[in-house]
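# coords please:
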Amino acid sequence: MPRRKGAPSWDDFPRRKDGEGRWLCRKCGAALDGRKTSWCSKACLKAVLLTCDWGTIRRAIRRRDKWKCVLCGDPASDVDHIVELADGGSFSDPSNLRSLCAKCHKAKTVEARRLRKEAREHARTHEAEAETKG
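Next comes the predicted model:
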(Lines give C-alpha, C1' and ligand atoms only; values in the text may rest on other atoms or scores of the structure.)
Protein backbone atom coordinates (compact mmCIF):
# COMPACT_ATOMS: atom_id res chain seq x y z
CA MET A 1 0.00 0.00 0.00
CA PRO A 2 1.47 3.41 -0.92
CA ARG A 3 2.28 5.88 1.84
CA ARG A 4 -0.18 8.65 2.51
CA LYS A 5 0.99 12.22 2.24
CA GLY A 6 2.68 13.23 5.49
CA ALA A 7 3.05 9.67 6.81
CA PRO A 8 6.61 8.96 8.02
CA SER A 9 8.69 6.43 6.12
CA TRP A 10 12.08 4.75 6.38
CA ASP A 11 13.44 7.54 4.17
CA ASP A 12 13.01 9.89 7.15
CA PHE A 13 15.79 7.92 8.88
CA PRO A 14 18.62 7.86 6.30
CA ARG A 15 21.85 5.93 6.69
CA ARG A 16 24.56 8.35 7.71
CA LYS A 17 28.27 8.56 8.43
CA ASP A 18 30.32 10.98 10.47
CA GLY A 19 33.29 12.96 9.10
CA GLU A 20 35.61 9.99 9.74
CA GLY A 21 33.48 7.53 7.74
CA ARG A 22 31.99 5.69 10.76
CA TRP A 23 28.38 4.65 10.53
CA LEU A 24 25.89 6.40 12.85
CA CYS A 25 22.58 5.28 14.33
CA ARG A 26 19.76 6.23 11.95
CA LYS A 27 17.68 7.49 14.91
CA CYS A 28 19.96 9.25 17.41
CA GLY A 29 23.26 9.59 15.55
CA ALA A 30 25.38 7.58 18.01
CA ALA A 31 28.46 5.87 16.52
CA LEU A 32 27.93 2.22 15.51
CA ASP A 33 31.36 0.79 16.26
CA GLY A 34 31.45 -2.85 15.17
CA ARG A 35 27.65 -3.16 14.89
CA LYS A 36 25.91 -4.76 11.93
CA THR A 37 22.63 -2.88 12.25
CA SER A 38 21.51 0.68 11.56
CA TRP A 39 20.50 1.27 15.17
CA CYS A 40 22.59 1.74 18.31
CA SER A 41 20.01 0.01 20.53
CA LYS A 42 16.67 -1.76 20.57
CA ALA A 43 15.18 1.45 22.01
CA CYS A 44 16.14 3.44 18.89
CA LEU A 45 14.78 0.72 16.59
CA LYS A 46 11.51 0.54 18.55
CA ALA A 47 11.11 4.34 18.45
CA VAL A 48 11.47 4.30 14.66
CA LEU A 49 9.12 1.34 14.23
CA LEU A 50 6.49 3.12 16.35
CA THR A 51 6.81 6.09 14.02
CA CYS A 52 6.65 4.54 10.57
CA ASP A 53 5.85 0.80 10.66
CA TRP A 54 2.06 0.30 10.66
CA GLY A 55 2.27 -3.33 11.86
CA THR A 56 4.22 -2.31 14.96
CA ILE A 57 1.98 0.69 15.62
CA ARG A 58 -1.14 -1.45 15.20
CA ARG A 59 0.09 -4.14 17.64
CA ALA A 60 1.03 -1.51 20.22
CA ILE A 61 -2.39 0.18 20.08
CA ARG A 62 -4.32 -3.09 20.25
CA ARG A 63 -2.15 -4.18 23.20
CA ARG A 64 -2.74 -0.81 24.92
CA ASP A 65 -6.52 -1.20 24.49
CA LYS A 66 -6.37 -4.83 25.70
CA TRP A 67 -7.46 -6.17 22.30
CA LYS A 68 -11.01 -4.84 22.86
CA CYS A 69 -13.06 -2.42 20.76
CA VAL A 70 -13.16 0.84 22.72
CA LEU A 71 -16.74 1.50 21.54
CA CYS A 72 -18.55 -1.80 22.07
CA GLY A 73 -16.09 -4.08 23.92
CA ASP A 74 -16.00 -6.81 21.25
CA PRO A 75 -12.61 -8.22 20.19
CA ALA A 76 -10.73 -5.54 18.22
CA SER A 77 -9.48 -6.42 14.76
CA ASP A 78 -8.76 -2.90 13.48
CA VAL A 79 -6.97 0.27 14.56
CA ASP A 80 -8.75 3.52 13.74
CA HIS A 81 -7.49 7.07 13.30
CA ILE A 82 -9.84 9.11 15.51
CA VAL A 83 -9.20 12.20 13.39
CA GLU A 84 -8.86 10.69 9.94
CA LEU A 85 -5.75 11.36 7.88
CA ALA A 86 -7.92 13.04 5.25
CA ASP A 87 -9.02 15.50 7.94
CA GLY A 88 -5.47 16.23 9.11
CA GLY A 89 -5.06 13.54 11.77
CA SER A 90 -1.65 12.20 12.77
CA PHE A 91 -0.49 8.91 11.23
CA SER A 92 1.29 7.47 14.25
CA ASP A 93 0.33 9.55 17.30
CA PRO A 94 -1.09 7.09 19.88
CA SER A 95 -3.57 9.71 21.11
CA ASN A 96 -5.13 9.69 17.61
CA LEU A 97 -5.42 5.90 17.44
CA ARG A 98 -7.84 3.43 19.02
CA SER A 99 -8.77 -0.23 18.68
CA LEU A 100 -12.11 -1.01 17.05
CA CYS A 101 -13.94 -4.10 15.88
CA ALA A 102 -14.59 -4.28 12.13
CA LYS A 103 -18.28 -3.36 12.55
CA CYS A 104 -17.60 -0.19 14.60
CA HIS A 105 -14.70 0.80 12.34
CA LYS A 106 -16.85 0.52 9.22
CA ALA A 107 -19.67 2.54 10.80
CA LYS A 108 -17.26 5.26 11.97
CA THR A 109 -15.61 5.47 8.54
CA VAL A 110 -18.95 5.69 6.71
CA GLU A 111 -20.08 8.47 9.07
CA ALA A 112 -16.82 10.41 8.67
CA ARG A 113 -17.06 10.21 4.87
CA ARG A 114 -20.70 11.35 4.98
CA LEU A 115 -19.79 14.36 7.14
CA ARG A 116 -16.88 15.26 4.85
CA LYS A 117 -19.16 15.08 1.81
CA GLU A 118 -21.77 17.28 3.50
CA ALA A 119 -19.10 19.83 4.41
CA ARG A 120 -17.89 19.97 0.78
CA GLU A 121 -21.46 20.40 -0.50
CA HIS A 122 -22.14 23.10 2.10
CA ALA A 123 -18.99 24.98 1.06
CA ARG A 124 -19.94 24.70 -2.63
CA THR A 125 -23.43 26.05 -1.90
CA HIS A 126 -22.02 29.04 -0.01
CA GLU A 127 -19.54 29.76 -2.83
CA ALA A 128 -22.34 29.67 -5.40
CA GLU A 129 -24.50 32.00 -3.26
CA ALA A 130 -21.59 34.43 -2.84
CA GLU A 131 -21.00 34.49 -6.62
CA THR A 132 -24.66 35.24 -7.37
CA LYS A 133 -24.71 38.09 -4.82
CA GLY A 134 -21.40 39.54 -6.02
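
# check which helices and strands the top helix by length along the chain sits against.
The longest helix of the chain (DSSP state H) is helix 102-133. Applying 3 or more CB pairs under 8 Å, 6 or more residues apart in numbering; DSSP states H and E, one finds that helix 102-133 contacts strand 78-81. All C-beta spots, glycine's among them, are computed from the backbone N, C-alpha and C.

# quick one: Arg26 and Arg35, what's the gap?
For Arg26, the distance to Arg35 (CB to CB, to the nearest Å) stands at 12 Å.

# quick one, which of those two is more surrounded?
Counted by other CB atoms under 10 Å, Arg26 and Arg35 do not tie: Arg26 has more neighbours, with 20 against 13.

# contacting residues for the more buried one?
For Arg26, the contact set (CB atoms under 8 Å, 6 or more residues apart in numbering) comprises 13-16, 38-39, 44, 48.

# which ones among the residues you listed are found in helices?
In helices, defined here by DSSP H, the members of the contacts of Arg26 are 44, 48.

# switch the contacts of Arg26 over to TSV; also include pLDDT.
TSV is the format used below for those (pLDDT from 0 to 100):
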residue	pLDDT
Phe13	86
Pro14	87
Arg15	84
Arg16	85
Ser38	89
Trp39	90
Cys44	94
Val48	92
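
# between the contacts of Arg26, which sits nearest Arg62?
Val48 (19.6 Å; CB to CB).

# so that closest one sits right up against Lys27, yeah?
Yes: Val48 is within contact range of Lys27, at 5.4 Å (criterion: CB atoms under 8 Å).

# any residues in contact with both of those two?
With CB under 8 Å, 6+ apart, Val48 and Lys27 have common neighbours 13, 39.

# can you list the domain ranges for the protein.
Domain ranges of the chain: 8-52, 66-134, per automatic domain parsing.

# rebuild these as TSV, extending it with distance to Ala60.
Output for the domains of the chain, formatted as TSV (distance: least, CB to CB, whole Å):
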stretch	distance to Ala60
domain 8-52	6
domain 66-134	7
